[in-house]
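Chemist: model the structure of this input:
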Amino acid sequence: MKVADKHEEVSVQLTGSPQDADAVFGALLAAYPCDRAAEEHVHDVGHGHPTVWSATYDVAPAGTAGPVAATTLGAPVAAELSGSYPAVDRLAEALTSGFAVEVEHAVSGDGEKQLRLLLRSTPAN
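Modeler: Numbering: from 1, shown residues only. Have a look, this model is predicted:
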């Protein structure tokens, strides 16, 4: 009997400029399987309100993804991660290889964690 692959999905919501959000999604897509197609790019819907873009990444099994590539951002991007504790921690840690990451807020629940981060270009970018 074959055991089904274990999926550990993390929902990622981004706010910032469309170009910077697209750069973050692209960096994550290069490291993890995602529900967004590679050719799917974010766009600004305007109307004077902040736009939130979302995608879901499968961060399991551990150790199979490559690092998140260092990516230059024009401005900081706010990221909200939600999922199981190990999956959110794994994705947050992976983001540190490509971005300067500041934890702004964390909420822990019964089996799920939400983490709000601020992503910036690393000093070398």
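Chemist: in the longest helix anywhere in the chain, which residues are buried?
Modeler: As assigned by DSSP state H, the longest helix anywhere in the chain is helix 18-31. Using 16 or more other Cβ atoms under 10 Å as the test for burial, helix 18-31 gives 20-25, 27-31. Quick note: C-beta positions are derived from backbone N, CA and C, even for glycine.
Chemist: what's the local residue count around residue 71?
Modeler: A count of nearby residues for residue 71, using other Cβ atoms under 10 Å, gives 20.
Chemist: what score does it have for pLDDT?
Modeler: pLDDT, residue 71: 91.
Chemist: one more: residue 37?
Modeler: 67.
Chemist: the chain should start at 714 in everything you say after this.
Modeler: Yep, numbering from 714; the last one is residue 750 now.
Chemist: separation between residue 835 and residue 721?
Modeler: 26 Å (Cβ to Cβ, to the nearest Å).
Chemist: ok, residue 833 - how many residues close by?
Modeler: Using other Cβ under 10 Å, the number of residues around residue 833 comes to 16.
Chemist: before we move on, what about residue 822?
Modeler: When neighbours are counted by other Cβ under 10 Å, residue 822 registers 9.
Chemist: which parts of the protein are helices?
Modeler: Ranges of helices within the chain are 731-744, 798-808, based on DSSP H.
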